[in-house]
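Visitor: Provided below for reference: sequence and predicted model.
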Amino acid sequence: MYRSRVATLGVAALVLAACGGNGAEAPQKKTELTLYNDKGAWTKYFDEMGALSKQSIGLGMKPTGYTDSAQYQAFIKASFRTNVKPDLFTWQTGGMLEEIVKQKQVAETTAVWQEAIKAGDLSQDLAPYYTVGGKQYCVPMNVAYWGMFYNKKIFDKYDLKPPQTWDDLVKTAETLKQNGVKAFYHTSVLFSFVWFEQLMAGTDPDLYDRLSTGKAKYTDPGVVQVMERWKQLIDAGYFINPGDKTDPGDVLKTGKAAMVSFGTWFNTSMTTRSMKAGTDYDFFVIPNVDAALPKTSMIFESGPLCSLTKAADPDASMKYLKWWTTSEAQDKWAKSRGDVSANPKVTIDDPALGTVTKDAGSGKYRLVNRYFEATPPPILTAALDGFSKFVTEPGTYQEVLESIQKAADEYWSTHQ
Amino acid sequence: MSRAAPILGRFRYGYVAPAALLVAVLLYAPFVWTAYLSLTRYDGLESPVWVGLANFAKLFDDAALLISTRNTLIWVIGTMVLPVGLGLLVAVLSYDIRGGAWYRVPFMLPYALSGAGLAMVWSPVLSHDGIANLLLGVDTAFLQEAPTNTFAMLAVWTWQQLGVNTLLFVVGLQSIPKEPIEAARLDGASGWRLFRHVIWPLMRPLTAVVVGLALVSSLKTFDIVWVLTQGGPGRNSETLAVTMYKETFVASDYGYGSAVAVMLTVVTGLASYLYLRRQVTVA
């Protein structure tokens, strides 16, 4: 009996020992870092960056890309509690970044930012998106400005020019409609928020900001008016069916819709479809709905690249983040994807995107944080569901706003 | 009795220990953890905060949950009528005819696809600009309007599940002893009467299994809905399993998502218990 108890204890000790291992381990010295991301389609570009970083700073990088954002976020959150930690990972600015900073999971990058701003590799304007409690966390993996990509051949065919005012845009849509062409792309899946944020930001950007911070309600008259305007555009027949599952890149290429509103990263979809900027397609900044606003509102997004406080080799991770902001890295990153860069020194081949980037940096526009980042996750989930319902049943806008407000009330009651 | 028996007896728990440990760690522990989380407010990052039965109270005040319960009910009833009912029909019609196995082959093939793969195949067919609208010459929003979208997905589900149900029913038919059927035929029974009064009762044990499996799989319908509609537009095609996933991983409301999971477990367990108990009683 005694022997069997001893054996049992021995086995238990072995099992515990096997399960443990989170003690004070010496930091590993890494030559290759893992980069977990929710951009599975960009694996090729991450691989290219890994090859370049190996050459430049002796640190390779191996990407693991997820295509489902929810699964990715759940994995990263779970990884905080285990020893399977990514060296680097992509995340979101706004409430999502604040969440993990509060949990002391993400490594501070204030020093990297200060150095990069001094060297002209990062803009001071970007810092607020990465600042929580006066300190910076993560570095910009990418930046994107939102506007309208349009099929240039269709525009040329009907003698249309990029609109200068909102009325011009509506007239353009009407002309296209008269010629049997759908003007705009929209969808009921994930990006259902695009037209809401565009119309809100172009009508009353202050109200948009107040909505994001819980200081205004989705049922306020200003928001209701925006939904009514959106409904008018849908009722006028300017949009393709939101249930159309054609990839938006193909929508624009085939002319199923003449215009697609997305971030500058959508440029990659065009270039991978062998479409030529300035010939097959082009890009314009969407004019404000309210012409009286002092600056044109432009939706802006920036995706962070982060490392963990408890990374396996914190020095190597930080070294990589620092390298990522340099013009050498950013030039490669922007050129391979045909997109803009967070580094002001990087020049962009595409003239339209180059102009937008330059103008955005010069303060010509009022940059408005993308709805996806600006809105706290529980409200965002309700809003995405709501807008998805609205685009298929535009008459439900009041009900939709009320349901989003219900989620907002619940969230802000514990987060003000 | 040899000496081996008492030795084996002494270590008998040792033999089942690895399996018991695996079951405990992989099945019971997550279940207990989920049940605990259902009583908390938890966003996956901060520590869970005990809220008692608040999440369960919210279940009764959630319009979206009402919709997903309705859709799940449609899935359960639809599965009984379509994949199971049609499976039985195909099995009976193709059972006693020459080359019957070949008739069944086309019904079997889709079963090789996974739920997600199945949805990927049907997505371009059912989307608004899809092949279904083109072939039928209609302009139906198969995946947008409720409950049309649930019916459309149920049709896809039938396409896949029909084969395996047919196969199971054929096995059931083959296991029926020939004597009672021959006796019934001698007594003049044939066609529907023969099926209703002789074949059907003899197939009851197998039918119980087929219906039981279909019941459980329809209650936890997830992949096909997730890939085809993600529960939308809005939340109008969600099932309880989709609601559970969305609340937990999309909205990061692990507490409420766990409450939905517990509710789904209770419903599934209860439905299976009531159904199987009835089958056992009847048998």
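Guide: Structure's in. What do you need? Residues are numbered from 1 along each chain as shown, chains lettered A, B, ... in the order given.
Visitor: any idea how far B:Tyr256 is from the residue of the stretch 151-283 of chain B found nearest chain A?
Guide: For the stretch 151-283 of chain B, the residue positioned closest to chain A under CB to the nearest CB is B:Gly234, at a distance of 2.7 Å. Quick note: C-beta positions are derived from backbone N, CA and C, even for glycine. Per CB to CB, to the nearest Å, B:Gly234 is found 18 Å from B:Tyr256.
Visitor: same check on A:Asp339?
Guide: The spacing between A:Asp339 and B:Tyr256, counted by CB to CB, is 38 Å.
Visitor: these two - which one has more neighbours?
Guide: In terms of neighbours (other CB atoms under 10 Å in any protein chain shown), B:Tyr256 is the more surrounded of A:Asp339 and B:Tyr256; the figures are 27 against 23.
Visitor: what packs against the helix or strand containing that one?
Guide: B:Tyr256 belongs to helix B:254-282 when elements are defined using DSSP states H and E. Applying 3 or more CB pairs under 8 Å, 6 or more residues apart in numbering or on different chains; DSSP states H and E, one finds that helix B:254-282 makes contact with helix B:29-37, strand B:40-41, helix B:54-59, helix B:204-219, helix B:240-245.
Visitor: where does the chain have low pLDDT?
Guide: In the absence of a named chain, chain A is used. Filtered on pLDDT under 70, chain A yields the residue ranges A:1-27, A:416.
Visitor: my question was about chain B
Guide: Low-confidence regions of chain B, defined by pLDDT under 70, span residues B:1-8, B:280-283.
Visitor: so how far is B:Asp253 from the residue nearest the centre of it?
Guide: In chain B, the residue lying closest to the centroid (CA atoms, centre = their mean) is B:Ser217, at 1.1 Å. Using CB to CB, B:Ser217 is found at 26 Å from B:Asp253.
Visitor: contact residues of chain B facing chain A?
Guide: With CB under 8 Å from any CB of the partner chain as the criterion, chain B meets chain A at residues B:43-46, B:63-64, B:123-124, B:127-130, B:141, B:143-145, B:230, B:232-236, B:245-246, B:248-253.
Visitor: can you say which of these are buried?
Guide: The neighbour count (16 or more other CB atoms under 10 Å in any protein chain shown) marks B:43-45, B:64, B:123, B:127-128, B:130, B:141, B:143-145, B:230, B:232-236, B:245-246, B:248-253 as buried among the residues of chain B next to chain A.
Visitor: and the residue of chain A that's closest to chain B?
Guide: Closest point on chain A to chain B, by CB to the nearest CB, is A:Lys389, at 2.7 Å.
Visitor: which element is that residue on?
Guide: Secondary-structure element containing A:Lys389, defined by DSSP H and E: helix A:377-392.
Visitor: can you name every helix or strand that that helix contacts?
Guide: Helices and strands touching helix A:377-392, as assessed by 3+ CB pairs under 8 Å, 6+ apart, comprise helix A:95-102, helix A:221-235, helix A:371-374, helix A:397-415.
Visitor: swap in 7 Å and give it another go.
Guide: Other helices and strands packing on helix A:377-392, by 3 or more CB pairs under 7 Å, 6 or more residues apart in numbering or on different chains; DSSP states H and E, are helix A:397-415.
Visitor: can you list contacts of the helix it packs on?
Guide: In this structure, residues lying in contact with helix A:397-415 by CB atoms under 7 Å, 6 or more residues apart in numbering or on different chains are A:214, A:217-219, A:223-224, A:227, A:231, A:376, A:378-379, A:382-383, A:386, A:389-390.
Visitor: what inclination does that helix have with respect to helix A:377-392?
Guide: What separates the directions of helix A:397-415 and helix A:377-392 is an angle of 180 degrees, with axes from the mean of the first three to the mean of the last three CA atoms, to 10 degrees.
Visitor: buried ones in helix A:397-415?
Guide: For helix A:397-415, a neighbour-count test (16+ other CB under 10 Å) marks A:Tyr397, A:Val400, A:Leu401, A:Ser403, A:Ile404, A:Gln405, A:Ala407, A:Ala408, A:Tyr411 as buried.
Visitor: now flag whichever of those is closest to A:Gln73.
Guide: The nearest member of the buried residues of helix A:397-415 to A:Gln73, counting by CB to CB, is A:Tyr411 at 17.1 Å.
Visitor: skip the chain neighbours and tell me the closest residue to the closest one.
Guide: Nearest residue to A:Tyr411 in three dimensions, chain neighbours excluded: A:Pro378, at 4.9 Å (CB to CB, 6 or more residues apart in numbering or on different chains).
Visitor: these two touch, right, the one you found and B:Gly255?
Guide: No - A:Pro378 lies out of contact with B:Gly255 (CB atoms under 7 Å); the separation is 11.8 Å.
Visitor: so the two - more neighbours on which side?
Guide: More crowded of A:Pro378 and B:Gly255, by other CB under 10 Å: B:Gly255, with 24 against 21.
Visitor: residues near the residue nearest to A:Ser212 when sequence neighbours are not counted, how many?
Guide: Nearest non-adjacent residue to A:Ser212, counting by CB to CB, 6+ apart: A:Ala374, 4.1 Å away. Other residues near A:Ala374 number 22, with proximity taken as other CB under 10 Å.
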